[in-house]
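>>> pasting a predicted model and its sequence here:
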Amino acid sequence: MEKMLRINMGADGGPKASSIPVGEYSGLAGRALTSALVSKEVPPLCHPLGAENKLVISPGMLSGSLAANSGRLSVGCKSPLTGGIKESNAGGMASQTLARLGYAAIVIEGKPSGDDLYTIFINKDGVNINVDNSLKGLGNYALVEKLKQQYSEKACYISIGPVGEMKLASASIACTDMECRPTRHAGRGGTGAVMGSKNVKAIILDDTGMGMRKPKDPDKFKEANKRWVDGLKKHPVTGEGLAAYGTNVLTNILNEAGGYPTHNFMWGRFENHTKISGETQAALETERGGNPTHGCHRGCVMRCSGIYMDKYGQYLTKQPEYETVWAHGGNCGIDDLDTIAMLDRLDDDYGIDTIEMGATIGVAMEAGLAKFGDGAAAINFVNQVGKGTDMGRILGSGAAVTGKVFGVERVPVVKGQSMPAYDPRAVHGIGVTYATSPMGADHTAGYAVGSNILGIGGKTDPLSPEGQIELSRNLQIATAAVDSTGMCLFIAFAVLDQPETFQALIDMINAFYGFNLTADDVAELGKSVLRNERAFNAAAGFTSAHDRLPGFFTRDALPPHNVKFKVTDAELDQVFNF
C-alpha cells in the first residue's frame, strides 16, 4: 500500500482523482495515518462541513492479508459533532478490499459548488467519478441494492444514507458486510455528515483481479498467524463468549455490576435486562432461523456478529451490538428485542450512529417528549430524523444539542459526543477514558471495562479511583496502536491475558513488512497517534477543561451502589503524561 488516492471534489471542471505515492505518510495505516494526515493537513479551526476539512479512509497495516481479524477500517476527519479530531472505526469488507487494491488511504477533499451527488468507483484499472442524482434520499439498503445492479454483488460499498446527505452531526458511514448488506458503520462523530458535505453518496470498491497482499517473509508470517489464531481461539472471551452470544453478552454482566445506565443515566440497573440480554437474543435468533454466530468480514475467527430475523422469519438486521441494545433498550426503558432490532435497522438504513441516537432519545424522553419505555415513540423519533423534519433535525444533531433545545441538565456527553453503555460512576476506568480521549466519550478509545468488570489483564476495582489513570493511559496508548493495524479491538481480551498472543501479533507485523518492532515500538506508535490527535484538538481550542465528565457524575450518586465518580480533575490531567 505505497500509494494514496486523493480526490478533489472541488476541482475546476469537476472532481478529479490522482494516485500518488504515500510520501511522508509511508509506513502508516489505519488510525495512525488518518490522524497524522488530519492533524497535518486540516486547519484545526475550519468548519467541519467546509471545503478545508478532509475525509480520510484508511485500511490497517495488515488489512488485505491473510492475518486473522484484520478487517477494520479507519475513517478520519474534523468531527462535526465534537469540533475536534475524529477517527471512527468500522468492520465489514471495505478495509480488506481497499488494501488489496493497493491504497493506503482515500483522501476526499474540497467541495463541489453545486448540489449534484456523486459516486466514486475504484477497481484495478483506476477511478471513475460520476454524477448520479437518482440516488438522492435513498436509504443505505435501497442504495446498495440499486448499485449492485449497476456494478457487482462482489464489490464492496461505502455509503451514506439521507442523514449524511442532510449533514446532521449524528450521521454515520456504512460499509457492506460479507452478504453485501450495509450493516457495519463508522458511526461516531458525524463522519457521514462530512462525506455528505463532499456530495459523495457512495464509494464502490471492486478488487476483482487483485490477490491477497503478500508478506515479506511468508513462512514466518504463516507461523505467527497460526499462533495468533490459536491464541484468539483459546481465550474464553474471544474464543467462546463472543461467538456464542455476541457483544450483548455484556448486558447481564454490566447490570449485575450496577454499571448499566438506565433511563438516561438515572440508575445503574435495568429491571427487565434479561428480556434483552445476549443470551435471550441468541436464543431468539436461533429459534427464528437467524444466526447468533457470524463474522462481519472474511477472516474473522471471533464471529461476534449475527443475523436477526423478524417474527416472520425474514431478515431484519444484523445482530444488534451490546451498545445498540443498551442505547435503544435499557437507556430508554425499552425491553422488547424486536423494537430494538427495528431501531437498529432504521439507524443503519438512514445512516445514524446507534449510540448517539439512543442517547439522544433518552434525553428527549427525559425532556418529556415521550415516556421511557415507549418503543413506538422511539421508532417515530428515528423516522423523523431520517425524513428531516424540524424535530428530526434537532434529534439528528445529537444529545448535546437536544439537551440544550429542550432544557435538560442530565446530558451524558463529553466534547459533545454521547457516552456508551457503561456508567462511569460504577466503572471508574471507563469514566477516565470518556473524559480524556481526544475523540470525546468513547469506550473503544481505552476499554477499561475489561479490567474493571471482567478482570482482563488484571482486576482494578471499578468503584474506586485507585489505579484508573494508569489503566486508561495504557489502554488508550495500546488502542491507538491496534486501530492502526486493522485488527478488531476485541483482540485486546486475548492480548492482555496472553503475552504470547501479543508477541504473535508483533511477529506477524514484522514478518509482513520486514520490520524488527518490539513491544516498546508498538507502544511508541500508539503514543505518536495520541500526540497528533491532542495537538490538533489543542489548536482547535480544546483545553484540560474539556477533559471532564458532566457535573452530575460527581454530584449525583448512582444506585444501586450509591457511588459518585471520584477521580479528581488533577488526576485526569495526568493521563497523557507519558
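That came in fine, so what should we check first? Numbers count the residues shown, from 1 in each chain.
>>> tell me the strands in the stretch 251-400 of the chain, going along the chain?
Along the stretch 251-400 of the chain, counting by DSSP state E, counting those that start in this stretch, strands occupy 291-294, 305-309, 315-318.
>>> now these in JSON lines, with mean pLDDT, distance to Lys566 and mean neighbour count?
All C-beta atoms are positioned from the backbone trio N, CA, C, and that covers glycine. What follows is these, written out as JSON lines (pLDDT from 0 to 100; distance: least, CB to CB, whole Å; neighbours: other CB atoms under 10 Å):
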{"stretch": "strand 291-294", "mean pLDDT": "86", "distance to Lys566": "38", "mean neighbour count": "20"}
{"stretch": "strand 305-309", "mean pLDDT": "93", "distance to Lys566": "36", "mean neighbour count": "24"}
{"stretch": "strand 315-318", "mean pLDDT": "96", "distance to Lys566": "38", "mean neighbour count": "20"}
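>>> right, and these - which one's nearest Ala523?
strand 305-309 (29.9 Å; CB to CB).
>>> could the strands of the stretch 251-400 of the chain go into CSV alongside distance to Ser88?
Putting the strands of the stretch 251-400 of the chain into CSV (distance: least, CB to CB, whole Å) gives the following:
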stretch, distance to Ser88
strand 291-294, 22
strand 305-309, 18
strand 315-318, 18
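>>> residues touching stretch 95-102, excluding its own?
Under the contact criterion CB atoms under 8 Å, 6 or more residues apart in numbering, stretch 95-102 has outside partners 1-3, 57, 59-60, 63-65, 70-73, 106, 122-124, 155-156, 205-207, 210-213, 297-299, 486.
>>> in which helix or strand does Phe536 reside?
Following DSSP states H and E, one finds Phe536 within helix 519-539.
>>> that helix: how far from the chain's middle?
Distance of helix 519-539 from the chain centroid (CA atoms, centre = their mean, to the nearest Å) equals 19 Å.
>>> alpha carbons of it, as CSV, please.
Extracted C-alpha coordinates of helix 519-539, given in CSV (Å, rounded to 0.1, in the frame of the first residue of the first chain):
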residue,chain,number,x,y,z
ALA,A,519,6.5,-4.1,22.2
ASP,A,520,8.0,-0.8,23.1
ASP,A,521,7.9,0.2,19.4
VAL,A,522,4.2,-0.6,19.3
ALA,A,523,3.6,1.5,22.4
GLU,A,524,5.5,4.4,20.8
LEU,A,525,3.3,4.1,17.8
GLY,A,526,0.2,4.5,20.0
LYS,A,527,1.8,7.5,21.8
SER,A,528,2.6,9.2,18.5
VAL,A,529,-1.1,8.8,17.3
LEU,A,530,-2.4,10.3,20.6
ARG,A,531,0.2,13.2,20.3
ASN,A,532,-1.1,14.1,16.8
GLU,A,533,-4.7,14.0,18.0
ARG,A,534,-4.2,16.0,21.1
ALA,A,535,-2.1,18.6,19.2
PHE,A,536,-5.0,19.0,16.7
ASN,A,537,-7.5,19.4,19.5
ALA,A,538,-5.4,22.0,21.3
ALA,A,539,-5.1,24.0,18.1
